[in-house]
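> coords please:
(one chain, ligands or ions: 1)
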Amino acid sequence: MPSSAILNHAARILKLVQGGTPADQALRESLTQNRHFTAPAERRGISRAVFTYYRWWRWLDESDSAQKQLAAALELQKRFDTNPAAFKPEALAAKAVPDWLWDEMDFPGGSTVHLPSVASAKDGWLAQLQREPALWIRAKQGQATSLAAKLSHCRPASLSQFPALSSQLSALSYSGLIDLYRTPEFQTGEFEIQDLASQLVGLAAAPRPGETWWDACAGEGGKTMHLSDLMRNKGLLWASDRSLRRLGKLKARAARAQVFNFRAAQWEGGAKLPTKTKFDGILVDAPCSGVGTWQRNPHARWTTAPKDVRELAAVQTQLLDHVAGSLKPGGRLVYAVCTLTRAETTAVAAAFTAAHPELAPLSTQTLWPHELDANGMFIAQWKRR
Ligand SMILES: C[S@@+](CC[C@H](N)C(=O)[O-])C[C@H]1O[C@@H](n2cnc3c(N)ncnc32)[C@H](O)[C@@H]1O
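Predicted coordinates:
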């Protein structure tokens with residue numbers, strides 16, 4: 001059990017969250033402010049306690065003190081990690097996620113890859129949600145093996161369900177305890193911290209050196225960095241977002257990763273585009289309800305609402321409509337969302353296909369957390385005729 005200093009600090013963060021700050025933001029702010037007073041192990045313990053609390057939130061007794069609830073959540077986590085079968089799928093379905101979700105999601109039939117003992121995709125996904133998430137890093141192309149040797153505690157992704165992609169993946173899951181952001185390898189841009197599902201979006205886009213691409217919702221540039229690496233820094237990459245703050249972070253990150261073949265521009269998502277350029281490929285990594293990230297960020301399970309799903313589906317459709325005219329003939333449009341709701345995934349893709357006969361649908365794919373030990377993601381692709 002963590003020390004009382006850790007539980008007390010975590011309890012203070014829960015107070016900030018009750019005041020309206022999202023848990024990940026409250027943690028980031030509090031741990032940055034107290035950087036000089038807390039050791040890395042203590043910071044890790046505080047984050048773990050807060051996230052574990054929200055993962056087991058509906059099992060806890062609200063009348064207990066915050067410290068007692070945090071300790072109870074950590075005990076539940078330990079019991080689950082030791083013997084997941086002790087938690088019935090019906091109990092997980094009732095308590096691990098909000099009730100509204102079941103009207104919003106579809107599950108495939110059949111058994112799962114990552115947790116072969118689990119019978120259905122729904123049960124597999126629920127069990128995955130209650131595990132602690134893996135930490136994935138992306139090495140530069142061709143450098144995964146040498147990076148793994150330098151960092152140690154790294155395991156390469158093995159993707160039996162994507163044999164064609166395995167050879168192109170530079171994904172490593174990291175189980176060591178050092179602060180990766182402080183390693184010389186991170187400082188010199190040898191790797192990025194990026195979820196495996198996000199890395200598979202870059203591989204699905206598969207831009208080639210010398211092409212012209214647009215990362216339309218580039219944010220802080222996680223996928224921009226990957227696209228540039230796949231392009232071997234050759235060709236041109238437009239990176240737009242409506243948030244200038246995020247684009248600022250993208251530029252700092254690009255400098256560190258030695259990414260030079262990009263141009264950053266603000267785009268609000270409307271009909272007025274940042275450029276008249278026609279592209280070989282466009283990636284719309286759209287804002288979404290984030291259900292695919294609920295393992296990593298369990299607090300979001302309790303702050304996301306069906307209304308968000310409806311509103312975001314409308315935004316996603318608009319973003320796709322606005323960029324579609326910027327593809328060259330033969331150019332590809334890639335739509336990605338880290339969510340699993342029907343309205344934001346298959347429904348958006350079907351409506352877009354119906355509204356845009358000038359684009360031929362190529363594929364849709366759902367990446368399931370329990371199959372990858374990573375975030376959930378939906379990817380759809382079209383090609384301009
Ligand atoms: C899923 S995040 C992008 C993450 C990023 N591609 C990465 O890999 O790090 C979605 C982004 O869309 C941006 N966004 C939200 N609404 C938008 C809009 N209406 N038009 C353009 N960008 C928008 C957000 O600022 C956010 O950065």
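
> residue contacts, Ala300?
Pro22, Gly290, Thr293, Trp294 (Cβ atoms under 8 Å, 6 or more residues apart in numbering). Where you see a C-beta, it was placed from the backbone N, CA and C, and this is true even at glycine.

> just say helix, strand or coil for the residue of the stretch 151-300 of the chain found nearest the ligand.
Using Cβ to the nearest ligand atom, the closest approach of the stretch 151-300 of the chain to the ligand is made by Gly269 at 2.3 Å. When classified by DSSP: H, G, I helix; E, B strand; the rest coil, Gly269 comes out as coil.

> what about it, how many neighbours?
20 (other Cβ atoms under 10 Å).

> check Trp59 too.
Trp59, neighbours per other Cβ under 10 Å, totals 14.

> just Gln199 next, same as before
With other Cβ under 10 Å as criterion, Gln199 counts 24.

> show me where the stretch 101-250 of the chain dips below the pLDDT cut-off.
Flagging of the stretch 101-250 of the chain using pLDDT under 70 yields the residue ranges 110-119, 161.

> hmm, try it at 80
Scanning the stretch 101-250 of the chain for pLDDT under 80 picks out the ranges 109-119, 158-167.

> show me which residues of it are close to the ligand?
Residues of the stretch 101-250 of the chain that fall close to the ligand, judged by Cβ under 6 Å from any ligand atom: Ser198, Cys217, Ala218, Gly219, Glu220, Gly221, Gly222, Lys223, Asp241, Arg242, Ser243, Arg246.

> can we see that at 8 Å?
Residues of the stretch 101-250 of the chain lying near the ligand by Cβ under 8 Å from any ligand atom: 194, 198, 201, 215-224, 226, 240-243, 246.

> of those residues, buried ones?
In these, burial by neighbour count holds for 194, 198, 201, 215-224, 226, 240-241, 246, counting by 16 or more other Cβ atoms under 10 Å.

> can you tell me which of those residues are in strands?
Of these, the ones assigned to strands by DSSP state E are Asp215, Ser240, Asp241.

> picking up where we left off before, who wins on neighbours among the contacts of Ala300?
Trp294 (30 neighbours).

> who are the contact partners of Ile137?
Leu147, Cys154, Ala171, Leu172, Ser173, Tyr174, Leu180, Phe191, Glu192, Ile193, Gln194.

> which of those residues count as buried?
Leu147, Cys154, Ala171, Leu172, Ser173, Tyr174, Phe191, Glu192, Gln194.

> export those residues as JSON lines, with columns for secondary structure.
Compiled in JSON lines, the buried ones among the contacts of Ile137 are given as follows (three-state DSSP):
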{"residue": "Leu147", "secondary structure": "helix"}
{"residue": "Cys154", "secondary structure": "strand"}
{"residue": "Ala171", "secondary structure": "strand"}
{"residue": "Leu172", "secondary structure": "strand"}
{"residue": "Ser173", "secondary structure": "strand"}
{"residue": "Tyr174", "secondary structure": "strand"}
{"residue": "Phe191", "secondary structure": "strand"}
{"residue": "Glu192", "secondary structure": "strand"}
{"residue": "Gln194", "secondary structure": "coil"}
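
> ok, longest strand in this structure?
Counting by DSSP E, the longest strand found in the chain is strand 327-337.

> next one: that strand to chain centre, how far?
21 Å (Cα atoms, centre = their mean, to the nearest Å).
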